[in-house]
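Student: Show me the folded form of this:
(3 chains)
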Amino acid sequence: MSEEQKQNGARSGEGEAQAEAPAAAAPQAPESAPATESASRADGAKPADEQPKAVQESAETPRQAAQPQAADESPQAPPQPAEAPQQPAAPQPGVEPKHTATPQPAGETQQSAPQPAAGPSQPAATAAGEKRPLTDEEKEARRQAALAARAAKLAAQGGAAAGAAAGAAAGARAAAGGAAAAGGEGTQEPPKPSPNQPKLDRAVQLLKELVAEDAVEEATLNPFNDDMPTLVIRGEHWLKAAQTLRDHPEFGFRYLRNVAGVDHETHMEVVYHLLNMDSGDTYCVKVRTNRDNPSVPSVVSVWATANWQEREIYDLLGIVFPGHPDLRRILLPDDWVGHPLRKDYVPLDPEV
Amino acid sequence: MIRTEELLLNVGPQHPSTHGVLRLIVKLDGEIITHVEPVIGYLHRGTEKLAESLNYTQIIPYTDRMDYVSAMTNNYVLCYAVEKMMGIEVPERAQFLRLIVMELQRIASHLVWWGTYLLDIGALSPFLFAFNDRERILQLFNELCGARLTYNYMRVGGVKWDAPEGWIDKVKAFVKDMKGRLDEYHNLVSGNEIFLARVKGIGAYDAETAIQYGLSGANLRCTGVKWDLRKNEPYCIYDRFDFDIPVGKNGDCYDRYYVRTEEIRQSLRILEQALEQFPPEGETMGKVPRAIRPPAGEVYVRIESPRGEIGCYIVSKGKAEPYRIKFRRPSFVNLQILPKLLVGESMTNLVTILGGIDIVLGEVDC
Amino acid sequence: MQWLWDQPLSWMSAVWFTLGALCVLGIVIFFVTYAIYFERKIIGWMQFRQGPNRVGPFGLLQTVADVAKLLLKEDTIPAKADKALFIMAPALAFIPSFAALAIIPYGMNLQFADVNVGFLYYVALSGITTIAIVTAGWASNNKYALLGGMRSAAQMISYEVPLVVSVVGVAMMTGSLNLREIVLAQEGYFWNWNFLPQIIGFVVFLVSALAELNRTPFDLPEAESELVAGYHTEYSGFRFAFFMLAEYVYLYAIACLTTILFLGGWNPPFPQLDFIPGIVWFILKFLAVVFFVFWVRATFPRLRVDQLMGLAWKALLPLAMLNIFITAAGIHWFGWGG
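Tutor: Predicted coordinates for the structure are as follows:
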């Protein structure tokens, strides 16, 4: 596994931490989503002034951690430095997706900039009455959390990538929790690893041993989904990995629950949800592919149920599944033009 | 020498026993089927595409129209997914109302299946008996939310309407009556020799095949696999109630029939307990932010609909609209096994086997 | 009507024959109208419904309206159909059903034609309808219709065998195939009626008759859930009405035959009740049989086509044969029958 790989793994761990943050913060400070957003925006603006270095570090920002392939060659690269100022405020997830989706992030930053000028407590107070104003301590704590995550990630680069990625995730989560409790760095709770963490580590290890050293691109836990282990597997190894996942006694995923295709605009993704009926484990496996010529090996030979589901994805997203016995459109008419669930889909006849 | 040739028969899209707009291209040798190809998509409305430009509350009515025989469970799976992402607590009373309507819906859905299945097999009366009872459930739903088929009842964080005065008592009365009716139905149909001859040993498959094909619901349980998401991966408040998972043994049409009818009984059991424990008062909506914007991330949730595992996979980018929403529709997945089951069977068994899978075309095509 | 047969054919007797036939036709059409009405009503009640209740008092004119609609409907013939056969088939189905009625004795002196081989006459004529159904299925140039027609042919031919064989016992006990004599042989108390000594024959006859009529649980030729409408898928309007009519006329004929062969015809259950006219008893028994047919329809699911054949050849035919031997033994050793 290359150094880059390890970094990717670690980065995803960091992204994990950000995603986890609201859940951890929620019990301490019940706050509505908009409040979080504006507060974090206010929060984000200040570090922008203080930490110009973050701009250079944009390669490590969470958005790219989620999309490692796109990081280098993406044509959207130029806007990223402009976005970056918000990203040191990593533990607040409300900010990040909003701005990544905004075409002019710089403008956003400018809009939000006046808010701290009016005093750190005011924007938050106007957004939601109950919301505690963010004190400097808290901001400091959050920054500490981000730093802790980064430190954990650096540590991860030394060790085995996947395991360390998870460690980073856990560490970062703990840090976020600590930050939300407004505690200093000294009072961090001990890391509380998810019960699924060992499973994930073991899965990555097994796949590496049995399939290929670089089979696993990324391994994370999905905090929204009861820490569902989520693996990103390289397309070229997917068929073998699928067989391993089904047949290896430690996996035993004989049941394929769901296959979904997602167009992430930078890349396409096919998401498989696997179930082991004996242990009740559900894993999520993703296979990524490029957008221009999307292709993911078919797993019909592994799970017969993938047949129609792959046809549906082919129909609606245009992802080709080499090895599929009968890859035709299934829901739309055979002469349909385009694949409607692609984000760039334009109907042939807008009247319809 | 007599020259024989295959007969190519288009069953559907308009046909009495395809229960919607399913088309099967069937090749027949005499009355024996040599090849089947299902053609679907006649009812495709692009729900998933539409949902990408709607906010979560607006998607709920679209879920009604997927599996229109079991709209309540569809409502639930979407709300459940969003609640899971946002960490919203659903109040106790709303949980109970959700559970009660979902179980009523399961009974209604199985009744529709029971009636239409027997109509497929050629028995006329059970269809009307079943619809009579289902009618009572629809009336109860009508009182609750003002609609009989597409309820749009649940919301993220709770339910839209509280139970009106006396509604719980009406449900109790229904549950009591339905138990007796169920026994009568068994007397009328379940032991009938003609019926048994039509369904026993027909369309059988083993557990391994069922799992390979990703079957769920009664189609899976009929092979003896004890897998019911209400028990195995409890959601809502199912873990508080005592009920059994009926399973079959041979995986044939009779076992599917048995599992479904027995599930009605288990649903009645759950309802009895739930109605007893129903909280006399309380909120029906939890604390929900005004704008429902799940944080960036993704979630896959699944529940046990009357037809099997209905799942909802949401990819959110922190906006009010889902970035991508995918419904795992049990009918769509279950229907895949049909060609495998039909080859070598007679034209008559086509109807028996297709009916036994229990599909709703609105859900297959989505 | 017997006196007409004894005269040489003249214009006068020809007019009488025509009038008689028209009279029977009127009765039959009246019966069919109300048989459909009662079928719908009875099945409705069995299913907690009202049945037809809008047209006329209690919905009595519902069937009239339906028939009027059928007659006024546009007559469509599929473009690729075999036109001549397509047009011929409904008539070919109806005419034998009506002609078969000539031999039914409703009372001691109420009979159109007293034929000595009455029962065989019925069987011979009803066989023609099978041809009509195959013709209809073939001529429609529709795959469902063809399948329905073929099924129907197989079914009706198969079931005619046990149907006829089951009556052999009755014929042996009476010593005649003349329907009037069969009734006369059943005089006395109801246990003298053939259905008790010929209980096996009676059951076989009823089952085969249901199959002959293509009614539930043997309604495979028009199994809606499989074959859409079977052999009459492509028929509409008055051609379809002819098939319906033929079906119900056969119901009428079979109910009459059951009454005559097994239920003592116009004989009262107790001789003391003979002050009530025989025709009343005949109608009562006849209606009981018709009701039975409707009742079965509301209760049973449909057999599968291979099971149907199996039933005819593996169960009903051996039973009917057994019945013949038992009857023969009974006549020989116990002096059954006349």
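
Student: show me where the stretch 251-352 of chain A has strands.
Tutor: For the stretch 251-352 of chain A, strands defined by DSSP state E, counting those that start in this stretch occupy the ranges A:255-263, A:268-275, A:282-289.

Student: isn't B:Ile264 right up against B:Val112?
Tutor: No: counting by C-beta atoms under 8 Å, B:Ile264 does not reach B:Val112; the two are 11.4 Å apart. C-beta: built from backbone N, CA, C; applies to glycine.

Student: Point out where the chain drops to low pLDDT.
Tutor: All of this is about chain A. Along chain A, the model assigns pLDDT under 70 to residues A:1-193, A:352.

Student: my bad, chain B
Tutor: B:1.

Student: buried residues in the helix ranked longest in it?
Tutor: Ranked by residue count, the top helix of chain B under DSSP state H comes out as helix B:92-121. Using 16 or more other C-beta atoms under 10 Å in any protein chain shown as the test for burial, helix B:92-121 gives B:92-121.

Student: which strands and helices sit next to it?
Tutor: Here helix B:92-121 touches helix B:71-86, helix B:125-145, strand B:158-159, helix B:167-185, helix B:193-199, helix B:253-277, helix B:347-357, helix C:224-227, going by 3 or more C-beta pairs under 8 Å, 6 or more residues apart in numbering or on different chains; DSSP states H and E.

Student: Next, see if stretch A:297-317 gets close to chain B.
Tutor: Yes: judged by C-beta under 8 Å from any C-beta of the partner chain, stretch A:297-317 and chain B are in contact via A:303-305, A:307-309, A:312, A:316.

Student: May I see the buried residues of that stretch?
Tutor: Within stretch A:297-317, the residues that count as buried by 16+ other C-beta under 10 Å are A:297-300, A:302-317.

Student: what's the answer for stretch C:315-330, then?
Tutor: Across stretch C:315-330, burial judged by 16+ other C-beta under 10 Å covers C:316-317, C:319-320, C:323-324, C:326-327, C:330.

Student: again with stretch B:143-151
Tutor: For stretch B:143-151, burial by neighbour count (16+ other C-beta under 10 Å) applies to B:143-145, B:150-151.

Student: Now for the residues you listed: which two are most distant?
Tutor: Farthest-apart pair in those is B:Glu143 and B:Thr150; separation 15.8 Å (C-beta to C-beta).

Student: For the stretch 1-150 of chain C, which residue gets nearest to chain B?
Tutor: Across the stretch 1-150 of chain C, the shortest distance to chain B (C-beta to the nearest C-beta) belongs to C:Gln47, at 4.0 Å.

Student: For that residue, which non-adjacent residue is closest in space?
Tutor: Spatial nearest neighbour of C:Gln47, excluding adjacent residues (C-beta to C-beta, 6 or more residues apart in numbering or on different chains): B:Leu128 at 4.0 Å.

Student: wait, what's in contact with C:Met309?
Tutor: Going by C-beta atoms under 8 Å, 6 or more residues apart in numbering or on different chains, C:Met309 touches C:154-155, C:158.

Student: Residues of the stretch 251-352 of chain A that sit close to chain B?
Tutor: Taking C-beta under 8 Å from any C-beta as the criterion, the stretch 251-352 of chain A approaches chain B at residues A:254-258, A:260-263, A:271, A:273, A:277, A:280, A:282, A:284, A:303-305, A:307-309, A:312, A:316, A:329-333, A:340-341.

Student: For whichever strand or helix holds C:Ala328, what is the distance to the chain centroid?
Tutor: Applying DSSP states H and E as the criterion places C:Ala328 in helix C:317-329. In terms of C-alpha atoms, centre = their mean, to the nearest Å, the centre of helix C:317-329 is set 24 Å apart from its chain centre.

Student: And stretch B:25-40, by the same measure?
Tutor: 27 Å.

Student: which residues touch it?
Tutor: By C-beta under 8 Å, 6+ apart, the list of residues contacting stretch B:25-40 reads A:330-331, B:4, B:6-11, B:13, B:22-24, B:332, B:335, B:338-339, B:342-348, B:350, B:361, B:364-365, C:147, C:305.

Student: And for A:Pro347, the neighbour number?
Tutor: 11 (other C-beta atoms under 10 Å in any protein chain shown).

Student: quick one: contacts for whatever residue of chain C ends up closest to chain A?
Tutor: Using C-beta to the nearest C-beta, the single residue of chain C nearest to chain A is C:Lys143, 23.7 Å away. By C-beta under 8 Å, 6+ apart, the residues touching C:Lys143 are B:7, B:9.

Student: Was I right to think B:Tyr151 contacts B:Phe141?
Tutor: Yes: contact status for B:Tyr151 versus B:Phe141: in contact at 6.0 Å, counting by C-beta under 8 Å.

Student: Name the residues contacting each of the two.
Tutor: Listed contacts common to B:Tyr151 and B:Phe141 are B:72, B:101; contacts here mean C-beta under 8 Å, 6+ apart.

Student: what about the helices in the stretch 201-350 of chain B?
Tutor: Taking DSSP state H, counting those that start in this stretch to define them, one finds helices in the stretch 201-350 of chain B at B:207-212, B:218-221, B:229-232, B:253-277, B:330-335, B:338-342, B:347-357.

Student: how far off helix B:92-121 does the longest one point, in degrees?
Tutor: Yep, that's helix B:253-277 we're talking about. 150 degrees (axes from the mean of the first three to the mean of the last three C-alpha atoms, to 10 degrees).

Student: what do you get for the last one?
Tutor: In this structure, helix B:347-357 runs at an angle of 180 degrees to helix B:92-121, with the same axes, to 10 degrees as the basis.

Student: so, in contact with chain A or not, helix B:347-357?
Tutor: No: if you take C-beta under 8 Å from any C-beta as the test, helix B:347-357 misses chain A, and the best it gets is 13.5 Å.

Student: So which other helices or strands are in contact with that helix?
Tutor: With contacts taken as 3+ C-beta pairs under 8 Å, 6+ apart, helix B:347-357 sits against strand B:23-29, strand B:32-39, helix B:92-121, helix B:193-199, helix B:253-277, helix B:338-342, helix C:224-227.

Student: just the first one next, same as before
Tutor: Of the remaining helices and strands, those touching helix B:207-212 by 3+ C-beta pairs under 8 Å, 6+ apart are helix B:218-221.

Student: How far away from the center of its chain is the helix it packs on?
Tutor: Mean-position distance between helix B:218-221 and its chain equals 12 Å (C-alpha atoms, centre = their mean).

Student: ok, B:Leu124 - contacts?
Tutor: When contacts are counted by C-beta under 8 Å, 6+ apart, B:Leu124 touches C:43, C:47, C:216, C:297-298.

Student: neighbour-wise, which of those residues leads?
Tutor: Per-residue neighbour counts (other C-beta under 10 Å) across the contacts of B:Leu124 peak at C:Thr216, which has 23 neighbours.

Student: quick one: which helix or strand includes the nearest residue in space to it that is not next to it in sequence?
Tutor: Leaving aside its sequence neighbours, C:Thr216 sits nearest to C:Arg297 (C-beta to C-beta, 6+ apart; 4.2 Å). Applying DSSP H and E as the criterion places C:Arg297 in helix C:278-299.

Student: residues near the residue of chain A found nearest chain C, how many?
Tutor: Residue nearest to chain C within chain A (C-beta to the nearest C-beta): A:Asp334, separated by 23.7 Å. Other residues lying near A:Asp334 total 9 when counted by other C-beta under 10 Å.

Student: Could you measure from B:Gln139 over to B:Val259?
Tutor: 27 Å (C-beta to C-beta, to the nearest Å).

Student: who's more crowded, those two?
Tutor: Per other C-beta under 10 Å, whichever of B:Gln139 and B:Val259 has more neighbours is B:Val259, with 22 against 13.

Student: one step back: now the helices and strands packed on helix B:92-121 in CSV, with distance to B:Val315?
Tutor: Below are the helices and strands packed on helix B:92-121 laid out as CSV (distance: least, C-beta to C-beta, whole Å):
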stretch, distance to B:Val315
helix B:71-86, 10
helix B:125-145, 30
strand B:158-159, 24
helix B:167-185, 37
helix B:193-199, 42
helix B:253-277, 33
helix B:347-357, 30
helix C:224-227, 42
